[in-house]
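Undergrad: Build me a model from this:
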Amino acid sequence: MDIQVSILLFIVAIPLLTIAVAPTWLVWQLAAKWLPTKLITRPNTMALVSVTLSLVTAYQFKLELEGGAFSAPGLLLGLSLVWSVLLIPVCALAQYLRRLRYKERRM
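TA: Predicted coordinates:
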């Protein structure tokens, strides 16, 4: 019985988490499309970083899921989008400063 429950949970959890992570990945893809090529960071890597940070944030604040396990994708979606919105300008600024510093060294 335990194996059947874990398999069912795995089958249900993967699509729900994919649905929760898809908007974050889309935001990073759009940022890569709209930003100048000099300021682009890897969208797939940064989406993974945003999702990881959202999981860490949820764990640190001990957010309880009142709706049970099915409310986790909504929480993951919201936190990862917030992290993405915060990280996009920070990453673009970091890339700009890195290129500026590299340009100064070459001169």
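
Undergrad: Give me the contacts around stretch 78-90.
TA: 20-21, 23-24, 27-28, 31, 46-47, 49-51, 53-55, 57-58 (Cβ atoms under 8 Å, 6 or more residues apart in numbering). All C-beta spots, glycine's among them, are computed from the backbone N, C-alpha and C.

Undergrad: Pull out the buried positions in whichever strand or helix holds residue 78.
TA: Applying DSSP states H and E as the criterion places residue 78 in helix 72-106. Buried residues in helix 72-106, counted by 16 or more other Cβ atoms under 10 Å: 72-73, 75-77, 79-81, 83-84, 87-88, 91-92, 95.

Undergrad: what about it, distance to the chain center?
TA: How far helix 72-106 lies from its chain's middle: 11 Å, per Cα atoms, centre = their mean, to the nearest Å.

Undergrad: For that helix, give the mean pLDDT please.
TA: Mean per-residue pLDDT for helix 72-106: 89.

Undergrad: Compute the number of surrounding residues for residue 54.
TA: Burial of residue 54 is recorded as 23 neighbouring residues (other Cβ atoms under 10 Å).
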